[in-house]
Each structure stands twice: as structure tokens, then as C-alpha cells.
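Chemist: Model the structure of this input:
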Amino acid sequence: MKYICLGYMDPKKWEAMSEREVNAFVDGCFDYDDVLRKNGHFAGGEALQPPQNATTLRFQNGRVAVTDGPYAETKEQLGGILILEAKDLNHAIQLMSKHPGVRGGPFEIRPAADLTDMIRESERRRSITK
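Modeler: Numbering: from 1, shown residues only. Coordinates of the predicted model:
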């Protein structure tokens, strides 16, 4: 089963790290990602640019409103996602508990939703209306 792991970090904590600490942290994360890959647990992942490079879309007053940055200021900001292949939630927790990124900030782990039935039903409805 796939689990989406959202990694958060306090930018002030990151900025306070020396270059050596940053390099050790990053190298440790990538080393563990390699272990996850080797064992068939790494299904994908991406780092994110800082929140100041984000754009937020909202549907308001019958139209889409576009604003710069994230919706709300938070101490910890989303830094990246990792898609994990695990037997169950406990297995995902065990795998991510060993990830050095957890020392940088919390990781939220959510099971990926299986939309197969929903997609099939939507395709059926849409084919009827065409």
C-alpha cells in the first residue's frame, strides 16, 4: 500500500544550521532514501521550493482567486513529499521512524486513497452524458 509522507521543517531551524550540519543532514536523508529504494519501499518523492515561491488557488465568489505564497503562516512549513510503499501503517511508521528527516521536523504519514472505483463511476457517468 502507498503512503504519502509529508515532511515539515522550521525554516529558522534550517537557517541556523552550519553548512557542515546541512550537508550531514541532507546526506543522511539521501542515504536512507537509497536504502528505501533498494528494499522496494521508495515509490517517489520531491523536495519543494520555499513557501515564498508558492501560489495558492481558491475558489471565491464564483471564480478562481490566485494569491502568492501559502494560505497561512506556520512555524513549520512543508518541505517535501515521499511516497512510501509499505505493508500497513505500522510498517510505514517503522520505516519513516528511521528516516533522518524526522530529526529536522515532523513527518505526516497518510495512506494514499484508492480512487479506482470513483474514477470508474465517473467515467461511466461522463460517457452517458456525451
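Chemist: going forward, measure contacts between C-alpha atoms and count neighbours the same way
Modeler: Noted.
Chemist: What is the neighbour count of Lys13?
Modeler: Using other C-alpha atoms under 10 Å, Lys13 has 11 neighbouring residues.
Chemist: Relative to Ala43, how far out is it?
Modeler: Between Lys13 and Ala43 the computed distance is 28 Å (C-alpha to C-alpha, to the nearest Å).
Chemist: Which secondary structure element is home to the spatially closest residue to Thr56 that is not a sequence neighbour?
Modeler: The shortest distance from Thr56 to any residue other than its chain neighbours is 5.3 Å, reached at Thr67 (C-alpha to C-alpha, 6 or more residues apart in numbering). Per DSSP states H and E: Thr67 is located in strand 63-68.
Chemist: The top helix by length along the chain - what's its average pLDDT?
Modeler: Secondary structure of the chain per DSSP state H: the longest helix is helix 19-38. The average pLDDT for helix 19-38 rounds to 96.
Chemist: Of all the residues in the helix or strand just after it, which ones are buried?
Modeler: Counting by DSSP H and E, the element after helix 19-38 in chain order, helix or strand, is strand 42-47. For strand 42-47, a neighbour-count test (16 or more other C-alpha atoms under 10 Å) marks Phe42 as buried.
Chemist: Show me what strand 42-47 is packed up against.
Modeler: helix 19-38, strand 77-85 (3 or more C-alpha pairs under 8 Å, 6 or more residues apart in numbering; DSSP states H and E).
Chemist: what does it rub up against?
Modeler: With contacts defined as C-alpha atoms under 8 Å, 6 or more residues apart in numbering, strand 42-47 is touched by 2, 33, 36-37, 79-85.
Chemist: swap in stretch 108-126?
Modeler: Contacts for stretch 108-126 (C-alpha under 8 Å, 6+ apart): 1-7, 89, 92-93.
Chemist: quick one: pLDDT of the residue minimising distance to the centre of the chain?
Modeler: The residue lying closest to the centre of the chain (C-alpha atoms, centre = their mean) is Ile81, at 2.3 Å. You'll see Ile81 listed with a pLDDT of 96.
Chemist: Good, wrapping up.
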